[in-house]
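Trainee: Got a sequence here, can you model it:
(one chain, ligands or ions: 2)
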Amino acid sequence: MLLQRTAFVTGAAQGLGKAFSEALLEKGARVCLTDIQTQKGLLLESELQKKYGKDKCMFMQCDVSSATNLRKSFNAAVSQFGHIDLVVNNAGIGDESNMEKMININLMGAIAGSALGVEHMRKDKGGKGGVVINVASTAGLIPVYLIPSYCATKFGLVGYHRSCASNPHLKEMGVQFGCLCPAFTDTDILKDVLKVEYPEEVKGIIQQVGINPVERVVQGFLQLVESPNCNGDIVTVSAQDGIQYQKKGSNKWSSHL
Ligand SMILES: NC(=O)C1=CN([C@@H]2O[C@H](COP(=O)(O)OP(=O)(O)OC[C@H]3O[C@@H](n4cnc5c(N)ncnc54)[C@H](O)[C@@H]3O)[C@@H](O)[C@H]2O)C=CC1
Ligand SMILES: CCCCC/C=C\C=C\C(=O)C/C=C\C/C=C\CCCC(=O)O
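Mentor: Ligands and ions are numbered 1, 2, ... in the order given. Below is the predicted model:
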């Protein structure tokens, strides 16, 4: 099913974005890798092109906190591949000392990426349909007092996902919204979590709940992407509970419209 997909992935130079991109390529999809880190991205492009073929992927420098930059990259990806039918808004940072930057990347960047995806993919305006996956966090579902600003960006993103997914016009647009919520996962962003005011307390929580291997989060991601109807769904991935797939409307508070 993924064979025909053409994906636009943000924050793809390392960590989860890189792993999602490789998983998509492995399934036969084409991937536009984007990231703010140009050197790392270009290296990855060359490595992946060798493995999967030159026409299968490309890298573009893209800072998701710039709507102009994001639109340019998106348009360039469409020019290269013809169309995009999977947008993965994955880029994110952890920086409790710079809330504005974190909101601009984690929340505004994902909202801008989602809006561009819908604009391009919607069938009622000439597109071919498609899926938007927003990478939020379990910190967007449960409060974590140690990282309140990070939580605010992720709660915001989950709210955006659920609101978009409950739009009755999505059917005629042929667009679906899925949301991935990993708990602590073994990537570089974990270094940021130790820069908070009470690092020992974060360490304690991490010790208590454990750390996901990246591969488990990729499995959760694939469950969402390969689902024939992921609209409004939320997949959580945690060391303690594994992958949990929550269908839209599975509890009273998941959608009332
Ligand atoms: N690792 C974890 O424990 C968890 C991570 N997440 C989320 O997963 C996503 C990916 O993070 P990881 O791979 O874990 O971290 P990471 O730090 O390894 O990767 C993040 C990527 O985003 C890129 N990036 C940062 N700012 C950017 C910008 N302005 N524009 C474009 N790209 C930018 C970075 O260059 C990097 O390649 C993030 O949204 C993060 O919040 C969610 C839950 C748990
Ligand atoms: C300055 C903020 C840094 C945050 C970025 C670093 C790591 C990101 C991690 C997450 O997104 C997940 C964070 C918190 C989840 C907390 C508890 C999950 C409990 C899950 C369980 O019960 O197993």
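Trainee: which residues in the chain form strands?
Mentor: Along the chain, the stretches classed as strands by DSSP state E are 6-9, 30-35, 57-61, 86-89, 130-135, 175-182, 234-238, 242-246.
Trainee: The third one packs against which elements?
Mentor: By that I understand strand 57-61. Here strand 57-61 touches strand 30-35, helix 38-52, helix 67-81, going by 3 or more C-beta pairs under 8 Å, 6 or more residues apart in numbering; DSSP states H and E. The way it works is simple: take the backbone N, C-alpha and C, and place the C-beta from them, glycine included.
Trainee: rewinding a little: turn the strands of the chain into CSV, including distance to ligand 1, mean pLDDT and mean neighbour count.
Mentor: Shown next, in CSV, are the strands of the chain (distance: least, C-beta to the nearest ligand atom, whole Å; pLDDT from 0 to 100; neighbours: other C-beta atoms under 10 Å):
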stretch, distance to ligand 1, mean pLDDT, mean neighbour count
strand 6-9, 10, 98, 26
strand 30-35, 5, 98, 28
strand 57-61, 9, 98, 22
strand 86-89, 8, 98, 29
strand 130-135, 5, 98, 26
strand 175-182, 4, 98, 26
strand 234-238, 8, 98, 23
strand 242-246, 14, 97, 15
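Trainee: Out of those strands, which gets nearest to residue 110?
Mentor: With C-beta to C-beta as the measure, strand 86-89 is the member of those nearest residue 110 (3.8 Å).
Trainee: Identify whichever of the strands of the chain lies nearest to residue 206.
Mentor: It is, among those and with distance given as C-beta to C-beta, strand 234-238, at 11.6 Å.
Trainee: Quickly run through the sheet partners of the closest one, with directions.
Mentor: Here strand 234-238 has these sheet partners by DSSP bridges: strand 175-182 (parallel), strand 242-246 (antiparallel).
Trainee: so which of those comes closest to residue 143?
Mentor: Among the strands paired with strand 234-238, the nearest to residue 143 by C-beta to C-beta is strand 175-182 (13.8 Å).
Trainee: can the closest one be found next to ligand 2?
Mentor: No: Strand 175-182 does not reach ligand 2 (C-beta under 6 Å from any ligand atom); its nearest approach is 6.6 Å.
Trainee: now that strand and strand 130-135, what's the angle there?
Mentor: On the basis of axes from the mean of the first three to the mean of the last three C-alpha atoms, to 10 degrees, strand 175-182 is oriented at 20 degrees to strand 130-135.
Trainee: quick one: contacts for the residue nearest to residue 101 when sequence neighbours are not counted?
Mentor: Leaving aside its chain neighbours, residue 101 sits nearest to residue 95 (6.2 Å; criterion: C-beta to C-beta, 6 or more residues apart in numbering). With contact taken as C-beta atoms under 8 Å, 6 or more residues apart in numbering, residue 95 is in contact with 101, 102, 192, 195.
Trainee: Having no further points to raise, I will conclude here.
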